[in-house]
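Visitor: Kindly generate the corresponding structure for this input.
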Amino acid sequence: MSVLLLTHRACLTHDMGEFHPECPDRLRAVLKALDSEDFADLIRETAAPEATVEQLCRVHPRNYVDAILSIRPPEGESVQLDADTAMNHGSAEAALRAAGAAVAAVDAVMGGEVRRAFCATRPPGHHAEPTRPMGFCFFSNAVVAARHAQAEHGAARVAIIDFDVHHGNGSQACVEQDATILYASTHQMPLYPGTGDPMERGVGNVFNIGLRAGSDGTAFREAWEVALLPAIDRFDPDLIVISAGFDAHARDPLAQLRVREADFAWLTASLCGIAEARCGGRVVSLLEGGYDLDALASSTAAHVRALMRS
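Guide: Residues are numbered from 1 along each chain as shown. Next up, the predicted model:
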């Protein structure tokens, strides 16, 4: 199975400060894990493009995009946007490359160059609301990808699948009034950001399942197998976009779920199965959370291996 790996060295220059969990070492750990012999067949693109303002403005208002891109403090300085989200001199470019990688991945998959793609980029995106950065995120990368697929490739329906341990409030806020995009998520509840109740249904296109602290892979798989995977299949998407956060792992320091690498691989394979049946195998996956470096590396490897083999 041809899988494209997109990244850019600029994503390493975004730094929100010493001891911040969303750090450049996260991406280094992922890239090192994907540099083993198991992944020799990946098609590698290390110069992910910058997203254009037009592409970002399909999701965010122009004044918001301009405001974020204007924050470029001098080397060694930073600007704090909220309690845990900051920008340094490299943040704006990194955010553009993360969103741009998502767009390029959609072009490659929808254009038939590859069947699947994984974007090893940062900052993540699923907490970024239409007019507010938060939770380490600036632009809603998954929704930028979905809107690009619709605008440039004629995709009628796009499914955004989010298994990060934190609910993707930003992704949901961007799509909850649009029935052409499905958003499905498992996440720990209660936990930051406090959204993701099952009663949040949008216009019937939002599917949330909260998992209690301590829930393991059995509960994780049951939530997807019983409720979410059938909903995705019924939606009949033209493209599946995955918000691939690995902080539901048992070793992650920011949450208390007990998911393991095999569970991430199982879900990835299940999503690829739906993609094979419904949309020619087309899957675009974007790195979101994951803050134990070893668990992040091994979980990402399991995920990408499943993209390649399923």
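Visitor: Restricting to C-alpha, output the lengthiest strand in the chain in CSV.
Guide: Using DSSP state E to define each element, the chain has its longest strand at strand 181-188. The C-alpha trace of strand 181-188 is given here as CSV (Å, rounded to 0.1, in the frame of the first residue of the first chain):
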residue,chain,number,x,y,z
ILE,A,181,-18.6,16.7,7.2
LEU,A,182,-18.9,14.0,9.9
TYR,A,183,-17.0,14.4,13.1
ALA,A,184,-16.5,11.3,15.3
SER,A,185,-14.5,11.2,18.5
THR,A,186,-13.6,9.2,21.5
HIS,A,187,-11.9,11.1,24.4
GLN,A,188,-11.6,11.0,28.1
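Visitor: buried residues in that strand?
Guide: 181-188 (16 or more other CB atoms under 10 Å). (C-beta placed from N, C-alpha, C; glycine too.)
Visitor: from those residues, which single one is nearest Ala99?
Guide: Of all those, Ile181 has the smallest distance to Ala99: 16.5 Å, by CB to CB.
Visitor: burial measure for the closest residue in space to that closest one that isn't next to it in sequence, as a count.
Guide: Nearest-residue entry for Ile181: Val175, 4.2 Å, with adjacent residues in sequence omitted and distances by CB to CB, 6 or more residues apart in numbering. Using other CB atoms under 10 Å, Val175 has 26 other residues around it.
Visitor: quick one: contacts for Val175?
Guide: 143, 146, 160, 181, 183, 202, 205-206 (CB atoms under 8 Å, 6 or more residues apart in numbering).
Visitor: try 10 Å this time
Guide: The contact partners of Val175, by CB atoms under 10 Å, 6 or more residues apart in numbering, come to 59, 140, 142-143, 146-147, 158, 160, 168, 181-183, 202-203, 205-206.
Visitor: cool, and Ala159?
Guide: Contacts for Ala159 (CB under 10 Å, 6+ apart) come out as 146, 181-184, 205, 207, 231-233, 235-242, 271, 274-275, 278-279, 283.
Visitor: at 6 Å instead, please
Guide: Applying CB atoms under 6 Å, 6 or more residues apart in numbering to Ala159 gives the contacts 182, 232, 235, 237, 240.
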